[in-house]
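> Got a sequence here, can you model it:
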Amino acid sequence: MLKFPFPVVMAGVSIAAMPLAVAAQSSEDEALDPIVVTATLGPDTVGESLSSVTVIEQDDIERQQPEEFRDLLQAQPGVNVVSDGSYGKTTSVFLRGAGSSGTVLLLDGIRLRSATAGIPPWQFLPPELMGKVEVVRGAKSSLYGADAVGGVIQAFTLKPEAGRQGWAEVSGGSHDTLGTSVGVAGREGNSSILAGGLYSDTDGTELREGGEDRGFRNAAGLAKVSHDFEQGGGVGVTMFQSQGNTEFEDGDTDFMIRAAGLYLEAVASDYWRTRIQFSEARDEQETFGSYPSVFDTVSRSARWENTLTAGVHELVLGSEFMVDEVDGTSQFAEDSRTNAAVFGQARLNFDATDLMFSMRLDDNEAYGKEETGGIALGHQFDRSHRLRLSYATSFRAPTFNDLYLEVPSDFGSYFGNPDLDPEKGEMVEVGFSGRYDSWFWDVAVYQNDVEDLITYVSDPVTFDGTMENVETARIRGIELSSGFQTTDWDINAAITYADTENRDTGKRLPRRAEKNIRLDVDRLFDAWSVGASVIAESDRYNDAGNTTLLAGYGTMDLRAAWEFLPGWSAGLKVANVFDRRYATSLGYDSTTFAPFEYLAAGRTYMASVRYDFRQ
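Numbers count the residues shown, from 1 in each chain. Next up, the predicted model:
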């Protein structure tokens, strides 16, 4: 059975604190139907969820031996990943066709993003420190506020287990890649502690044909302490930091991302739990080279949440206050803004039928008030088959760059537009699933209509530009997923089709592939495991005008692991076995302005040795 030895910090929700009971299941059942906490303000199994959810467990992460966090997300149901090359290069995640700033990234409940660019720092999250990833697809602004247009992805860091444990790992491979990771953790009584860190360095690969190798260096650390109260609830602190340097064409960037959170939870009565959480997230980047710049952002938030229960029904009421601040070398007409929000969620159960209602009001100092809501219905036809229906609204907030950035130039200036409105979306979804003793399948069909798209507009004579709300989009698609799990086999497959259209121009939305396929197959033995991942994506346009087409591609990764002594294990991975040359985005030469493809890494080899101590 899944064990959570301390309350998981996530946007004010604690698994240990939630009053809704989850029926005990066998370990195989839970492997097929894991608990998910991001889809609602409380825990459900994937099968009970009224949202489309993909869960990547710690066992999956360890088996896949990912070199980058994006390797876990690529071609998952509804997910498009675009990167300006491999090894720490700028990465965008398009969830259900929403823009790169239309997906919320949470790390243990703490939101990570650049307040200036609006994009989460996917490329700087080390997968070695992650214990679980939940991908929740669908509009979630009524739960998480701005930018949850396509959905929410939450990464949970490693958690301590009962007793004491520690680990040490060294790895190396192609492109002079070297890495090491160490950590200690433990749980005694109601208290737990974990501290871990890693360092990795690689010369990288060429980002353009005939170019030089561009490296990446990363040092990251994680510390967390928690204590559960005897009467329920608890207190905990989480600290995470990742910093280093990444090289690209014409320069390099020093980066630092940091997340810190403190929660306190108490049981007021048999029917009322209250919780408060404080968090801070920093995104700091200093770029050197042809276009030097400094962009530092910090977001601080406080959230108060109250959970009330009446039998099998539940009501959540809460409030949230956030402050964003920016600093750097660029000029901003405003360098801070506040956002105050109140929200509520009702979960009702009527035997085989579940209902959920959610509402949220955000009042932002920069762009005013936004109301969002959602309604979802689920019906269990029998032990195995379930139908879900949902409707939800969402919005994407204009960033500091959209609103306030000023870049004067002799060749066309850029000025932010403080009168921008948020982008607004309406999503409808129908899903149906079947879950059996050793396998499952799920199908979801959705449509998202987005208006007031924030778009760059320039004067054809002076080339001066700004951002305006001038376009609408329609995004619709279908997602199919299935999995088979036994003590010997672990197989997961996903197929995604997404039709994205700018309704004003009739063009496809840029940088989104229409079709994705992913297949993960692992064969498990007593002390061995071997596996493969196959990923294929169709072509995509790099630009809004649909003039530059990037070809589709397919890759295969092979992997093996061996526990050769008690506590000792070795891993080997060959990524992109057939050495495919492909790109998911274009760059432009700083001198000639000619376009070039940002090449992904070719065939790479990685090997590792690890020691795990448990007492």
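> So the spatially most central residue of the chain versus Gly506, what's the distance?
In the chain, the centroid-proximal residue (Cα atoms, centre = their mean) is Ile153; its distance is 3.2 Å. Note on Ile153: its distance to Gly506, by Cβ to Cβ, to the nearest Å, is 30 Å. C-betas here are computed from N, CA, C, even on glycine.
> try Lys424
Here the criterion is Cβ to Cβ. By it, Lys424 lies 21 Å from Gly506.
> now do Asp382
Taken as Cβ to Cβ, the span from Asp382 to Gly506 is 44 Å.
> Next: Gly118.
Distance of Gly118 to Gly506, computed by Cβ to Cβ: 26 Å.
> So between those two, which is more surrounded?
Higher neighbour count among Gly118 and Gly506: Gly118, with 22 against 8, using other Cβ atoms under 10 Å.
> wait, what's in contact with the more buried one?
100-101, 147, 396-397, 399, 401-402 (Cβ atoms under 8 Å, 6 or more residues apart in numbering).
> Would you agree it falls within a helix?
No. Gly118 is assigned coil when assessed by DSSP: H, G, I helix; E, B strand; the rest coil, not a helix.
> can you pull out the helices in the chain?
Secondary structure of the chain, counting by DSSP state H: helices at 27-32, 58-64, 70-73, 141-144, 400-404.
> highest average neighbour count across those helices?
Sort the helices of the chain by mean neighbour count, taking mean count of other Cβ atoms under 10 Å, and helix 141-144 sits at the top with a mean of 26.
> Give the rounded mean pLDDT of that one.
Average pLDDT, helix 141-144: 96.
> and it, how far out from the chain's middle?
15 Å (Cα atoms, centre = their mean, to the nearest Å).
> Output the below-cut-off pLDDT ranges for the chain.
1-32, 410 (pLDDT under 70).
> backbone phi and psi for the residue sitting furthest away from the middle of it, please?
Going by Cα atoms, centre = their mean, the residue of the chain most distant from its centre is Val461, 40.9 Å out. Main-chain torsions, Val461, degrees, to the nearest 10: phi -100, psi -50.
> show me the contacts for Ser142.
By Cβ under 8 Å, 6+ apart, the residues touching Ser142 are 343, 345, 358-360, 372-374, 392-394.
> Among these, name the ones in strands.
Mapping the contacts of Ser142 onto strands (DSSP state E) picks out 343, 345, 358-360, 372-374, 392-394.
> before we move on, the earlier item: just the buried residues of the contacts of Ser142.
Neighbour counting with 16 or more other Cβ atoms under 10 Å marks 343, 345, 358-360, 372-374, 392-394 as buried within the contacts of Ser142.
> so how far is Ala600 from Tyr391?
Taking Cβ to Cβ as the measure, Tyr391 falls 38 Å from Ala600.
> Give me the more crowded residue out of those two.
Between Tyr391 and Ala600, counted using other Cβ under 10 Å, Ala600 has the larger neighbour count: 22 against 15.
> Go ahead and confirm that one touches Asp579.
No. Using Cβ atoms under 8 Å, Ala600 is not in contact with Asp579; the gap is 10.8 Å.
> Asp382 - how many residues pack around it?
Neighbours around Asp382, by other Cβ under 10 Å: 8.
> do the one 3 residues further on as well
Neighbours of His385 under the rule other Cβ under 10 Å: 13.
> Now for the closest residue to it other than its chain neighbours: which residues touch it?
Sequence neighbours aside, Gly434 is the residue nearest to His385 in space, at 5.3 Å (criterion: Cβ to Cβ, 6 or more residues apart in numbering). By Cβ under 8 Å, 6+ apart, Gly434 lies in contact with 384-385, 440-442.
> With Gln165 instead?
Neighbours of Gln165 in contact, by Cβ under 8 Å, 6+ apart: 184-186, 612-615.
> Distance of the residue lying closest to it once chain neighbours are set aside relative to Phe240?
Nearest residue to Gln165, sequence neighbours excluded (Cβ to Cβ, 6+ apart): Arg614, at 4.6 Å. Counting by Cβ to Cβ, the gap from Arg614 to Phe240 is 23 Å.
> Looking at these two, which is more packed in?
Phe240 (24 against 14).
> Who is the more buried one paired with across the strands?
Judged by DSSP bridges, the bridge partners of Phe240 are Leu222, Ala259.
> any idea how far Gly118 is from it?
When Phe240 is compared with Gly118 (using Cβ to Cβ), they lie 21 Å apart.
> From Asp44, how far off is Val37?
8 Å.
> From Gln231, how far out is Ser269?
From Ser269 across to Gln231, the span is 11 Å (Cβ to Cβ).
> okay but the residue nearest to the centre of the chain is in contact with Leu107, surely?
No. Counting by Cβ under 8 Å, Ile153 does not reach Leu107; the two are 9.9 Å apart.
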